[in-house]
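Q: I would like to see how this sequence folds:
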Amino acid sequence: MIPYLVILDPISERQSLISNSGKSNGKNSGGIPSEPISASQSTKSSIIKLSLVNISGGLIFGYNTGVISPVLTLTPFTEYTEINRGLLTCSILVGAMIGSIVGGIISERLGRKLSMLVISILTLIGTIGSSLVPPMWWTMAFRAILGIGVGMSAIVCPTYVGEMSPMEKKGTLGTIFQLAITFGIFISNVFGFALKNEKYNFRIMLAIGAAPGLFLLITFFFIQESTKWLNRVHAKKTNTTTLLINQKKINNKVGIKGILTKPIGRFSLFIGVILAVNNQLTGINAFMFFSPSIFATAGIKNGNDPMIATILLMAWNVITTFIATFLIDRLGRRKLMLVGTLVMTLSCIVSAILNLTISGTTLGVLSVVFLFIFIAGFEASAGPLFWILVIEIFPEDIRDVGSTILNSVQWSFNIALSFSFLSLANLIGNNTFFIFGGFGIICLVIMYIYLPETKNDDDDDEDEQ
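A: Numbers count the residues shown, from 1 in each chain. Okay, the predicted model is just below:
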C-alpha cells in the first residue's frame, strides 16, 4: 500500500497512518487473526507450501508461454504464414488477459484456494488438449483456454503468497514467482532442443506444460485458505461492532469506480501503469528478439551453437533472478527497482549507439555483453517486482480490483507488442533500442519521484485516506 499524498511526504504520512490505525493484539473484533503468519508462528512447512504455490503458478506461466518459441521452429508450424504464426503465439496472451480479469473476480468471490483449483483444471485442459488436437486452429483454441489459467495464476498465486507470508519474508517469497517463470522458459527451450528430432516433438512439448498444473492441483490439498480473504468475508457478514461498522464505511466504494473516485486509488493506478510499461516496453522483448542475430554477429552461428547460446541466455535469466530474491527484503522494492531500471535503460541506449558506430565481431561481442547485463537488470527489478508491487501499492479494500486492472494492462501491452514488434524491428532494425531506452528514461524519472517503498507496509493498515 502507499500513502494518500506521496508527493507531500510519503514517509511521515505513512507513519502517521500506521500510528493511528488502532491495532489490537493481531485480532479483529470477530476473533479472527488479522495478521498473516508471524515470524514466530512461521514454520518450515508453511514457507515450503507458500513457495510451492508460487513455483507452480510461475511454471504454468513460464513454461507454457515460452514453449511456443521452439514449437514454431518445427513442422508443420514452419509452413504457416507469419500472420497465422503470430495468431498462435498471441492466443495464449489473449487468454491470459481474459484470465487476469476473471481471476480477480473469482478469487474475490470464491477465495484464493478454490481459484487455484480452477487454474489447475484450465491448465490441464489447455495443455493436454493442445497436444492432442490437429494444428492449427484447434491448437490455438486450447492455447487460449490455457492462457486463461496462465492469466489467473499471475493474479491468484502472488496475491495468496503475499497475504499469507510473514512480513520479513514477503518479498523473498514473492520473487519466487518470477524465478519459476524464468525457469519455466529455460526448460521449455531445453525440451525444445532435446525433442526437436522426435516423432511427436511438438505434441510432447505442449503436453509437458500440464506438469505444473498437476503440481498445483496436488498443492491445493495441503494449503489453507488465505486468512485475509476469510477476514474480509467475515467482516462483510458481521456488523455488530464499531470496528466492523467503520470498516464497512471505509469499504463502501469498491470496484473500478472506487479506484477512480479515491485519490489513493487513482495514484496507485497511475504508478501501476508505469510499472507495467517498465515491465513490457523497456527492451526485454527487443533483446530477446535480436539475441539470435547478436549471437551470429559475435560468430555464434554454426550448427546448434545459436540454440545452445539461447539456452545459456535463458539459464542466465534464471540465475540473475536470484539477485532480487536475496536483496528485495534487504534493500527494499524502491531502491532495487530504480537501480535495475537504470541498468536496463543504459544497456538499451549503449546497445543502440554501438549499432550505429561499430560493426563486425567487436559489435557482436559487446552486444552480447550488454544483452547479459540488461537481462540481469531486468530480472533484478522490473521482472519480479512487478508482480509484488501491483499488489502492495493498493490499499486492501481495492487491492483485488486494482491488481486485476494492472495485470490486464500488462497483458495488453504484451499482446500489442507481440503483434507490432516484428514490423517495427523490420522497419527500423536495432534502432528500436533507442525507443525502449526512451521508455526506460521516462519510467525511471517517474518512479524516482513517485514510487513509494512498500517493504514494511502492513496490509492491515487499509484506512489510508
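
Q: what are the ranges of the helices in the stretch 351-465 of the chain?
A: 360-380, 382-392, 399-428, 432-450 (DSSP state H, counting those that start in this stretch).

Q: which ones are touching the spatially closest residue to residue 399 that is not a sequence neighbour?
A: Excluding its sequence neighbours, the residue lying closest to residue 399 (C-beta to C-beta, 6 or more residues apart in numbering) is residue 391, at 6.2 Å. Placement of C-beta: from N, CA and C, glycine included. Contact analysis of residue 391 by C-beta atoms under 8 Å, 6 or more residues apart in numbering lists 158, 159, 162, 399, 403.

Q: quick one: residue 391 and residue 125, what's the gap?
A: Distance, residue 391 to residue 125, by C-beta to C-beta, to the nearest Å: 27 Å.

Q: hang on, the earlier thing: so which of the helices of the stretch 351-465 of the chain comes closest to residue 238?
A: For residue 238, the closest of the helices of the stretch 351-465 of the chain is helix 399-428, at 20.0 Å, according to C-beta to C-beta.

Q: now the closest one: buried residues?
A: In terms of neighbour count (16 or more other C-beta atoms under 10 Å), helix 399-428 has its buried residues at 399-415, 417, 425.

Q: next: stretch 82-101.
A: 85, 87-101.

Q: residue 111 - how many residues pack around it?
A: If you count neighbours by other C-beta atoms under 10 Å, residue 111 ends up with 18.

Q: just checking, which helix or strand of this structure averages the lowest pLDDT?
A: Every helix and strand in the chain was compared by mean pLDDT, DSSP states H and E; the lowest is helix 10-19, with a mean of 36.

Q: next SSE after that helix?
A: Counting by DSSP states H and E, the element after helix 10-19 in chain order, helix or strand, is helix 44-66.

Q: Three-state assignment for residue 75, please.
A: Look at residue 75: counting by DSSP: H, G, I helix; E, B strand; the rest coil, its state is coil.

Q: so how far is residue 132 from it?
A: Going from residue 75 to residue 132 by C-beta to C-beta gives 18 Å.

Q: who has more neighbours, the two?
A: Neighbours were counted for residue 75 and for residue 132 using other C-beta under 10 Å; residue 132 has more, 13 against 9.

Q: please report how far that one lies from residue 393.
A: Taking C-beta to C-beta, one finds residue 132 at 42 Å from residue 393.

Q: same check, this time on residue 88
A: 34 Å.

Q: where in the stretch 101-250 of the chain is pLDDT low?
A: Across the stretch 101-250 of the chain, residues meeting the criterion (pLDDT under 70) sit at 239-250.

Q: in it, which spans are helices?
A: 112-132, 137-164, 170-195, 201-208, 210-220, 227-237, 242-250.

Q: mind putting those in a markdown table, distance to residue 58 included?
A: Converted to a markdown table, the helices of the stretch 101-250 of the chain look like this (distance: least, C-beta to C-beta, whole Å):
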| stretch | distance to residue 58 |
| --- | --- |
| helix 112-132 | 12 |
| helix 137-164 | 7 |
| helix 170-195 | 2 |
| helix 201-208 | 15 |
| helix 210-220 | 8 |
| helix 227-237 | 21 |
| helix 242-250 | 33 |
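
Q: do you know which of those helices lies nearest residue 314?
A: Closest of these to residue 314 is helix 170-195, at 4.0 Å (criterion: C-beta to C-beta).

Q: quick check: angle from the closest one to helix 210-220?
A: Calculated by axes from the mean of the first three to the mean of the last three C-alpha atoms, to 10 degrees, helix 170-195 forms an angle of 150 degrees with helix 210-220.

Q: tell me the angle of helix 170-195 relative to helix 44-66?
A: 50 degrees.

Q: just the buried positions in helix 170-195, please.
A: 170-189, 191-192, 195.

Q: stretch 123-138 now?
A: Neighbour count says stretch 123-138 has 123, 124, 125, 126, 127, 128, 129, 130, 131, 133, 135, 136 buried, by 16+ other C-beta under 10 Å.

Q: chain center to that stretch, what's the gap?
A: Here stretch 123-138 is found 24 Å from its chain centre; the criterion is C-alpha atoms, centre = their mean, to the nearest Å.

Q: what does it contact?
A: Residues from elsewhere that reach stretch 123-138 (C-beta under 8 Å, 6+ apart): 60, 64, 76-77, 80, 84, 88, 95, 139, 141-150, 153, 202-204, 206-210, 212-214, 216-217.

Q: please apply the same query to stretch 420-429.
A: Residues outside stretch 420-429 that contact it (C-beta under 8 Å, 6+ apart): 82, 86, 285, 286, 289, 290, 355, 432, 435.

Q: okay, the fifth one: pLDDT?
A: Spelled out, it's residue 289. Residue 289 is assigned 67 on the pLDDT scale.

Q: same question for the first one.
A: Each residue has a pLDDT score; the one for residue 82 is 79.

Q: now residue 89
A: pLDDT, residue 89: 88.

Q: which SS state does it fall under?
A: Secondary structure, three-state DSSP: residue 89 is helix.

Q: mind listing what it touches?
A: By C-beta under 8 Å, 6+ apart, the neighbours of residue 89 are 68, 72, 418.

Q: least confident pick among those?
A: Among those, residue 418 carries the lowest pLDDT, at 77.

Q: ok, that residue to residue 301 distance?
A: 26 Å.

Q: any idea of the mean pLDDT for the strand or helix carrying residue 349?
A: Per DSSP H and E: residue 349 is located in helix 333-357. Per-region confidence: helix 333-357 scores 94 on mean pLDDT.

Q: tell me the buried residues in it?
A: 333-338, 340-352, 354-355.

Q: angle of it against helix 360-380?
A: 170 degrees.

Q: helix 333-357 packs against which elements?
A: Counting by 3 or more C-beta pairs under 8 Å, 6 or more residues apart in numbering; DSSP states H and E, the packing neighbours recorded for helix 333-357 are helix 284-297, helix 305-331, helix 360-380, helix 382-392, helix 432-450.

Q: related to what we said a few turns ago, can you name the two of the contacts of residue 391 that are farthest apart?
A: 158 and 399 (11.5 Å).

Q: OK, contacts around the spatially closest residue to residue 165 that is not a sequence neighbour?
A: In this structure, residue 165 finds its nearest non-sequential neighbour in residue 173, 4.8 Å apart by C-beta to C-beta, 6+ apart. Residues near residue 173 by C-beta under 8 Å, 6+ apart: 47, 50, 51, 54, 161, 165.
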